[in-house]
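# next input, structure requested:
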Amino acid sequence: MINPANFVRANTVLTAPSLVPEIRLHLATEILPLWNRTEEEIEKTGLPPPYWAFAWAGGQALARYILDHPECVRERSVLDFGSGSGLVAIAAVKAGARSSLASDIDAFAAAAIALNASANGVSLEIREDDVLDSDCVWQTVLVGDMCYERPLADRLLAWLTKAALNGTAVFLGDPGRNYFPRTGVEKLASYEVATSRELEDRDVRATAVYRLAGAGPT
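Next up, the predicted model:
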């Protein structure tokens, strides 16, 4: 049985994403070896892909926006959906959120989030259950780079739209993924995020932060 925390420590180094130097994360420096190692373990144990080991462009842009516009989360209950490394949830705490929940169904992501929260001296909640199965009880929901496949995007956007209509402020960071909505969103900011050709099809991705139509703070 693989220990998630030990696996994260053994396959990452503590470093800062290019767009968010204030936050340090356990990230993979050699992308393909980790991905290949994980694929080997998938066959043996069902280990999911290591999305938690990378600071994806949408998450970096959203974290940058939250740190630069803390009024979006200050004194509010915050959900970071599909948290991965925990970058956005950590940014929310640093920006003054009353509470910050990092949600990810991957146990290895949960381990990475706990390690990254500790490395940054912040306290947050971590959940591994599927929050889309329940009503939204948070004042602000943050979603970074989650519209990369249709089934998840459709289900997530339906849940987010309902939450926004009920008064939740919903902010999304996205670098142009195929299933990101083309309507019902307001662009708030644009960023150029350095990435890797091992992860993306270019060295820099134009990435934006949006707000979903509904109620909530500006």
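
# how about the contacts made by the spatially most central residue of the chain?
Nearest residue to the geometric centre of the chain (C-alpha atoms, centre = their mean): S83, 3.7 Å. Residues near S83 by C-beta atoms under 8 Å, 6 or more residues apart in numbering: 89, 102-104, 109, 113, 126. In short, each C-beta sits where N, CA and C put it, glycine included.

# please apply the same query to F81.
Shown in contact with F81 (C-beta under 8 Å, 6+ apart): 103, 131, 141-143, 146, 156.

# let me see the backbone angles for it.
The phi and psi values for F81, taken as degrees, to the nearest 10, are phi -80, psi 140.

# can you name the residues bridging to it?
On the basis of DSSP bridges, F81 is bridged to S103, V143.

# how much space separates it from D203?
28 Å (C-beta to C-beta, to the nearest Å).

# and what of D133?
With C-beta to C-beta as the criterion, D133 and D203 are 38 Å apart.

# same question for F54.
For F54 relative to D203 (C-beta to C-beta), the value is 15 Å.

# tell me which of the two has more neighbours.
Just comparing F54 and D203: by other C-beta atoms under 10 Å the higher neighbour count belongs to F54, 25 against 9.

# find me the pLDDT at the more buried one, would you?
Predicted confidence (pLDDT) for F54: 92.

# you'd agree it is up against E200?
No. In this structure, F54 is not within contact of E200 by C-beta atoms under 8 Å, at 10.1 Å.

# in JSON lines: the contacts of F81, plus neighbour count and distance to Q60.
What follows is the contacts of F81, written out as JSON lines (neighbours: other C-beta atoms under 10 Å; distance: C-beta to C-beta, whole Å):
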{"residue": "S103", "neighbour count": "23", "distance to Q60": "18"}
{"residue": "V131", "neighbour count": "20", "distance to Q60": "22"}
{"residue": "V141", "neighbour count": "26", "distance to Q60": "18"}
{"residue": "L142", "neighbour count": "31", "distance to Q60": "13"}
{"residue": "V143", "neighbour count": "25", "distance to Q60": "13"}
{"residue": "M146", "neighbour count": "23", "distance to Q60": "14"}
{"residue": "L156", "neighbour count": "19", "distance to Q60": "19"}
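
# state the mean pLDDT of stretch 122-135.
97.

# please disregard the earlier target; I meant stretch 68-83.
The average pLDDT within stretch 68-83 is 98.

# tell me which residues in it are buried?
69, 72-74, 76-83 (16 or more other C-beta atoms under 10 Å).

# and that stretch, how far apart are its ends?
19 Å (C-alpha to C-alpha, to the nearest Å).

# just give me how far that stretch sits from the chain centre.
Centroid separation for stretch 68-83 versus its chain: 12 Å, with C-alpha atoms, centre = their mean, to the nearest Å.

# what do you get for stretch 143-160?
12 Å.

# quick one: L157 is in a helix?
Yes. Read with DSSP: H, G, I helix; E, B strand; the rest coil, L157 is one of the residues of a helix.
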